[in-house]
Structure formats: structure tokens, C-alpha cells
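> Here's a sequence, model it:
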Amino acid sequence: MRTLSILLGAAAAGVLAALAAVGLHQHFGTRSADAPAETAAAQRLPAFAFADLDGRMRRAGEWAGRVLVINFWATWCPPCRRELPAFAELQARYEGRGVQFLAIAIDDVEAVRRFATEHPFNFPVLHGEDAATRLAAQLGNRLSSLPYTVVVDRRGDVRVRHFGEYARDDLERALVAVLRD
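Sure thing, here's the model as predicted:
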């Protein structure tokens, strides 16, 4: 009887965890570029400034008028590392159409420099540690999950929020939809 109680308790806990995960995904989950517009006013990209790997301050306004793909990541995050090659490929493919990728590391700058030496980037890599975490939260990442990606249209409105690893084809579809507008 005790074993049955334990099994029923574990099953109930599993069901509750699954329901919580579904609720969190519905509340914070991915919004694709093809989804209907939210009824509230679109969120504007807040002003920000972070140093690049050479120590030069880079500001959000530097990329005004471009479609921005801003990825929050860390060197110790396996899904973050897996998606970076697709970002580099899409940067090369869509740069001529006004797309700019930015990688904002929530990590120690020395770890990011070492990583960038081994895995060169074709787009700016910024670092911000706690300040980058706060910016990600302002942009909808209330759970501080990594990787976290937002796509910002040419007007500076956040159009897409994506939690977790971004599949190349899904990101490309989102980019094409934002570029069409």
C-alpha cells in the first residue's frame, strides 16, 4: 500500500509539473513572427550600451533602421553554443537586406574572449553580465533562461521573443516575415 501511495504521489507531482510548464510556456512562450499581433502596443527596444570584446562601447542606436536579432547567451550554455553557427550563416545571408545579429553574453568577458578566439563571429559580440540579464528581462525574459533571442523590426519594435535554442529554419521564417513588413 505504501508503494502505491508513493507512485500515486509521484504521478500527481509529474502531472502538476507538466501543467505548470504548459502554463509558463503559454504565458512566456515563443511568439513567432507569423502569430497575430498582440493587442497591447508593441514594445520598443530600450536604449542600451555594452562593451564589445575590444572594450569599445556599442549602443543600440548604432543599428537604428536595421532588423536586429539580439541573442542573450553564455559560453557555458550548450544550446547557446549550438545555435551560433546558424546565426553566423543567417548574418551573412541577410546582411545586405538590413539584418544585424548581436550576441550579448551574460558571462565573464575573459571566457567570452577565449570562446570568440576559438569560434570567430561575423557579428558584434557584446558582454554585460548582470546588466545584460536586466536588459533580457526588460525584453520579456522574466525567467532568465538562456539562450533567449528577440527580433526587432526597423522601427525599433520587438516583434519576436524566443526562449531556448532557435532552430535555423524557424529563425529564418521569422526574419523573412519581419523583413516583409
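
> what's the helix or strand for the most centrally placed residue in the chain?
Compute the mean C-alpha point of the chain, and by Cα atoms, centre = their mean the closest residue is T149, 1.5 Å away. Taking DSSP states H and E as the definition, one finds T149 inside strand 148-152.

> Can you pull out the low-pLDDT segments for this structure?
1-41 (pLDDT under 70).

> Kindly state the domain boundaries assigned to it.
As given by automatic domain parsing, the domain ranges for the chain are 1-29, 31-180.

> tell me the most buried of the ones you listed?
Comparing the domains of the chain by mean neighbour count (mean count of other Cβ atoms under 10 Å), domain 31-180 ranks first with a mean of 17. Every residue, glycine included, has its C-beta placed from N, CA and C.

> Centre of the chain to it, how far?
Its chain's average C-alpha position is 5 Å from that of domain 31-180, according to Cα atoms, centre = their mean, to the nearest Å.

> Against which helices or strands is the strand holding T149 packed?
strand 67-73, strand 158-163, helix 168-180 (3 or more Cβ pairs under 8 Å, 6 or more residues apart in numbering; DSSP states H and E).

> got those as a markdown table, with distance to V99 columns?
As requested, those are exported to a markdown table (distance: least, Cβ to Cβ, whole Å):
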| stretch | distance to V99 |
| --- | --- |
| strand 67-73 | 5 |
| strand 158-163 | 13 |
| helix 168-180 | 6 |
